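Coordinates only, no sequence provided:
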């Protein structure tokens, strides 16, 4: 059941892999009923029956929420996942907008997982 989500998420992040993979470790894996993207070992994105959810810094998270993004709960009675927003249809239906937000998510995750100097 999770394989279609894995295939779809992998296809979404493929353009990012060719551009960013040398700078960071990006991996798409199976995750509960769907798939997840990890950057440098930290989860930052998931695609499940709930939709595509990305983790963003506060200001960008608010922008996507203002565009109609939903809060993420992995399970109906589960807690809200902090800083994760389910991408609204307006973004999902625009390849340009979707690519922009996926890139922001991956870059934020890479920044958060970068070793301190």
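Everything's here; your move. Being a predicted model, the structure only gives us computed values, none of them experimental.

any idea which residue sits dead centre in the chain?
Centrality entry for the chain: nearest residue to the mean C-alpha point is residue 45, 2.5 Å, by C-alpha atoms, centre = their mean.

Wait, that residue touches residue 102, no?
Yes. Between residue 45 and residue 102 a contact is recorded at 7.2 Å, counting by C-beta atoms under 8 Å. Just so you know, the C-beta spots here come from the backbone N, C-alpha and C atoms, and that holds for glycine as well.

May I have the beta-bridge partners of the residue nearest to the centre of the chain?
Judged by DSSP bridges, the bridge partners of residue 45 are residue 37, residue 54.

Would you enumerate the residues in contact with it?
For residue 45, the contacting residues are 9, 13, 36-37, 52-55, 102, 105-106, by C-beta atoms under 8 Å, 6 or more residues apart in numbering.

what's the closest of those to residue 75?
The closest of these to residue 75 turns out to be residue 53 (C-beta to C-beta; 13.1 Å).

Would you confirm that the closest one contacts residue 87?
Yes. At 7.2 Å, residue 53 counts as touching residue 87 under the criterion of C-beta under 8 Å.

Show me the shaky parts of the protein.
1, 20-22, 114-117 (pLDDT under 70).
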